[in-house]
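**Student:** Take this sequence and fold it.
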Amino acid sequence: MTKEVILSTSRTLPFIVSMLVLVCSSITLAGPFPASIAAWDATTKAAQRTAGVAVLQQIATAVANGDPSVTIAQGDYRFDDVIGSS
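**Tutor:** Prediction:
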């Protein structure tokens with residue numbers, strides 16, 4: 001009995017995940033940005049892009065050096081490029 005439930009659940013899991021993503025996306029897109037984020041101007045966004053590039057370089061350097069961990073400073077980062085496999 002338990003085995004059947006696990007198999008049944010595993011078949012419906014992609015559907016459940018898809019629905020969860022849809023609901024979360026709808027909620028995320030439903031309202032305006034918080035005032036602090038809505039106030040970001042082009043200069044702030046450019047600084048976030050620069051910070052995003054720097055953090056990606058920091059990660060790449062840590063990986064190349066074989067570092068066991070990377071500490072990223074708290075902040076707002078903006079990433080314009082998709083990386084990884086497609």
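
**Student:** What lies in contact with the helix or strand hosting residue 59?
**Tutor:** Element membership for residue 59, per DSSP states H and E: helix 42-65. Outside of helix 42-65, the residues within contact range by C-beta atoms under 8 Å, 6 or more residues apart in numbering are 40, 69-70, 72, 75-80, 83. Quick note: C-beta positions are derived from backbone N, CA and C, even for glycine.

**Student:** where does this protein dip in pLDDT?
**Tutor:** Along the chain, the model assigns pLDDT under 70 to residues 1-30, 85-86.

**Student:** per-domain residue ranges of it.
**Tutor:** 1-33, 41-80 (automatic domain parsing).

**Student:** circling back: now tabulate the contacts of helix 42-65 in a markdown table and tack on secondary structure and neighbour count.
**Tutor:** A markdown table is the format used below for the contacts of helix 42-65 (DSSP: H, G, I helix; E, B strand; the rest coil; neighbours: other C-beta atoms under 10 Å):
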| residue | secondary structure | neighbour count |
| --- | --- | --- |
| 40 | coil | 14 |
| 69 | coil | 5 |
| 70 | coil | 13 |
| 72 | coil | 10 |
| 75 | coil | 10 |
| 76 | coil | 13 |
| 77 | coil | 15 |
| 78 | coil | 15 |
| 79 | coil | 13 |
| 80 | coil | 9 |
| 83 | coil | 7 |
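
**Student:** Which members of these are the farthest-apart pair?
**Tutor:** Taking C-beta to C-beta as the measure, those span a maximum distance of 29.9 Å, between 40 and 69.

**Student:** Could you tell me how far residue 66 is located from residue 55?
**Tutor:** The gap separating residue 66 from residue 55 is 19 Å, by C-beta to C-beta, to the nearest Å.

**Student:** Just want to know which of these two has more residues nearby.
**Tutor:** More crowded of residue 66 and residue 55, by other C-beta atoms under 10 Å: residue 55, with 16 against 6.

**Student:** Buried ones in the helix holding residue 59, by neighbour count?
**Tutor:** 48, 51-52, 55 (16 or more other C-beta atoms under 10 Å).

**Student:** and those residues as a markdown table, adding distance to residue 33?
**Tutor:** Below are these laid out as a markdown table (distance: C-beta to C-beta, whole Å):
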| residue | distance to residue 33 |
| --- | --- |
| 48 | 14 |
| 51 | 19 |
| 52 | 18 |
| 55 | 22 |
